[in-house]
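Student: Attaching a predicted model along with its sequence, questions to come.
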Amino acid sequence: MRALTWQGTEKVSVETVPDPTIHEPTDAIVRITSTAICGSDLHLYRVLGPYIDRGDVLGHEPMGIVEAVGSAVTNLKVGDRVVVPFNISCGHCWMCQRGLQSQCETTQVTEYGSGAALFGYTKMYGQVPGGQAEYLRVPHADYGPIVIPDDGTPDDRWLFLSDILPTAWQAVQYADVPEGGTLAVLGLGPVGQFAARIGRHLGYRVLAVDPEQVRRDLGSRHDVETFDLTKDVVAQLVDLTDGRGPDGVVDAVGMEAHGNPLAGFAQRAAGLLPDALAHKAIETAGVDRLAAVHAAIDLVRRGGTVSLSGVYGGMADPMPMMTLFDKQITVREGQCNVKRWIDDIMPLVSDPADPLGTLDLVTHRVPLEDAPHMYEVFQKKQDGCVKVVLEPATA
């Protein structure tokens with residue numbers, strides 16, 4: 001089959017690799033019809049190369065058609081149309097039973113002290129071949145895949161159940177905004193777009209910040225108040241909330257380095273070291289651009305909540321502990337527990353009115369073979385790029 005593979009820092013290519021096969025009775029094989037590029041994939045593209053091997057298949061936002069199932073899989077049948085959540089969870093362990101599927105005790109990567117295994121996402125998360133490919137082996141298919149209607153509706157209506165829609169839903173839930181309150185969203189990439197729309201759906205006033213006009217325009221289409229990233233934006237938003245600040249702030253930015261020369265240098269330097277030294281540098285150093293999380297802490301009202309949905313990778317990033325304590329701020333974060341939120345989200349995704357705008361996010365849809373070019377376009381925010389969906393030839 002053809003698959004998008006990691007070949008080095010800022011270098012990926014589509015190669016012919018072996019077709020996946022059933023390994024365990026709980027496996028399934030899915031023929032991929034649509035698979036998206038996630039902002040988290042850009043971390044692999046640039047920063048986390050020391051944890052990837054050349055030839056690893058990337059991607060963790062796939063959906064498609066079930067082609068084969070293991071003998072223990074009774075909830076799926078060949079021909080089912082499914083979305084595959086990005087985290088691999090068993091559904092029956094202590095963590096899964098408590099809605100913490102991203103901490104699944106069956107698939108935890110204990111070698112690295114990490115949570116549940118993920119598709120297409122480094123040795124730290126199991127090094128499981130990903131979904132930017134024509135076919136995908138799905139472990140624990142007796143629990144994970146989400147069966148969706150095979151009714152001719154576009155893939156885009158369902159695809160984002162794999163990651164970014166439940167990630168945004170969890171981010172808003174974690175922000176703990178009171179009824180009729182105000183939510184701020186920092187970053188209007190795909191997760192930020194959905195977080196803002198979810199906030200509006202729940203009846204909140206939503207204030208969103210992004211430096212890119214095209215992303216602000218997209219947010220504005222969904223009744224979100226948008227603001228450019230200026231040096232005065234925190235003060236501006238505080239003024240708009242009676243001088244207190246929003247009740248909750250979602251940081252949907254994470255470990256980006258552009259705009260911060262020191263963080264950018266640290267990330268590039270770590271990526272150029274031999275793997276053993278790079279592991280040590282990443283695991284013990286502060287390598288993140290923290291402008292967004294610091295802005296969130298400054299912005300949120302006293303007694304409010306900061307919800308981190310953006311991924312951070314440094315183990316020694318400095319945090320303003322005095323401010324957190326003095327303002328009595330709650331901070332919630334973590335990998336999304338996809339299956340926990342599906343029952344809440346599914347009625348909205350199924351609604352023909354499309355209240356969350358799942359059909360108004362994709363800016364680029366290209367064949368899988370064009371994936372290397374689109375990684376660069378997405379990383380550099382060129383051509384108005386907000387969300388990229390890849391279509392394998394078998395689709």
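Tutor: Yep, that arrived. Residues are numbered from 1 along each chain as shown.

Student: my read: residue 393 touches residue 134, true?
Tutor: Yes. Contact status for residue 393 versus residue 134: in contact at 6.8 Å, counting by C-beta atoms under 8 Å. C-beta coordinates here come from the backbone N, C-alpha and C atoms, glycine included.

Student: list residues touching both of those two?
Tutor: Applying C-beta atoms under 8 Å, 6 or more residues apart in numbering, one finds that residue 393 and residue 134 are jointly contacted by 2, 368.

Student: Who has more neighbours out of these two?
Tutor: Looking at residue 393 and residue 134 with other C-beta atoms under 10 Å, you find the greater number of neighbours at residue 134, namely 22 against 10.

Student: That one touches residue 391, doesn't it?
Tutor: No. Counting by C-beta under 8 Å, residue 134 does not reach residue 391; the two are 10.2 Å apart.

Student: Pull up the overlap in contacts between the two.
Tutor: residue 368.

Student: a helix runs through residue 82, doesn't it?
Tutor: No. Judged by DSSP: H, G, I helix; E, B strand; the rest coil, residue 82 forms no part of a helix; its state is strand.

Student: Let me see the confidence value for residue 269.
Tutor: We have a pLDDT of 47 for residue 269.

Student: next one: the strand ranked longest in the chain to chain centre, how far?
Tutor: If each strand of the chain is counted by residues according to DSSP state E, the longest one is strand 28-37. Taking C-alpha atoms, centre = their mean, to the nearest Å, one finds the center of strand 28-37 at 16 Å from the center of the full chain.

Student: same deal with stretch 231-242?
Tutor: Taking the mean C-alpha point of stretch 231-242 and that of its whole chain, the gap between them comes to 28 Å (C-alpha atoms, centre = their mean).

Student: which other residues reach that stretch?
Tutor: 182, 184, 207, 209, 227, 230, 244-246, 295, 298-299, 301.

Student: By neighbours, which of these wins?
Tutor: Of all the contacts of stretch 231-242, the most densely surrounded is residue 184 (37 neighbours; neighbours counted as other C-beta under 10 Å).

Student: which residues does it bridge with?
Tutor: residue 207, residue 249 (DSSP bridges).

Student: same question, residue 118
Tutor: Counting by DSSP bridges, residue 118 is bridged to residue 87.

Student: Could you check how far it is from residue 41?
Tutor: With the distance defined as C-beta to C-beta, to the nearest Å, residue 118 ends up 11 Å from residue 41.

Student: again, but for residue 333
Tutor: Residue 333 sits 20 Å away from residue 41, going by C-beta to C-beta.

Student: more crowded one of the two?
Tutor: Using other C-beta under 10 Å, the more surrounded residue of residue 333 and residue 41 is residue 41, with 26 against 16.

Student: a strand runs through that one, doesn't it?
Tutor: No. Inclusion of residue 41 in a strand is not indicated when three-state DSSP is applied; the result is helix.

Student: residues contacting it?
Tutor: Here residue 41 is in contact with 58, 59, 60, 120, 375 (criterion: C-beta under 8 Å, 6+ apart).

Student: What separation is there between the third one and residue 388?
Tutor: Relative to residue 388, residue 60 is positioned 14 Å away (criterion: C-beta to C-beta).

Student: Give me the more crowded residue out of these two.
Tutor: Taking neighbours as other C-beta under 10 Å, residue 60 and residue 388 compare with residue 60 leading, 27 against 22.

Student: helix/strand/coil for that one?
Tutor: coil.

Student: okay, and for this structure, where does confidence drop off?
Tutor: 47-48, 255-289, 313-316, 395 (pLDDT under 70).

Student: picking that back up, overlap in contacts of residue 118 and residue 41?
Tutor: In contact with both residue 118 and residue 41: residue 60, using C-beta under 8 Å, 6+ apart.

Student: Quickly find the element holding the residue nearest to residue 12 when sequence neighbours are not counted.
Tutor: Residue nearest to residue 12 in three dimensions, not counting chain neighbours: residue 372, with 5.1 Å by C-beta to C-beta, 6 or more residues apart in numbering. Residue 372 belongs to helix 371-379 when assigned by DSSP states H and E.

Student: List the contacts of that helix.
Tutor: Counting contacts by C-beta under 8 Å, 6+ apart, the residues touching helix 371-379 from outside are 4, 10-14, 37, 41-42, 45-46, 132, 364, 366, 382-383, 385, 388, 390.

Student: Tell me which residue is most central in the chain.
Tutor: Here the mean C-alpha position of the chain is nearest to the C-alpha of residue 164 (C-alpha atoms, centre = their mean), at a distance of 4.9 Å.

Student: ok, that residue - contacts?
Tutor: For residue 164, the contact set (C-beta under 8 Å, 6+ apart) comprises 36, 38, 61, 190, 191, 194.

Student: Adding distance to residue 341, write those out as CSV.
Tutor: Written out in CSV, the entries for the contacts of residue 164 read as follows (distance: C-beta to C-beta, whole Å):
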residue, distance to residue 341
36, 18
38, 17
61, 15
190, 16
191, 13
194, 12
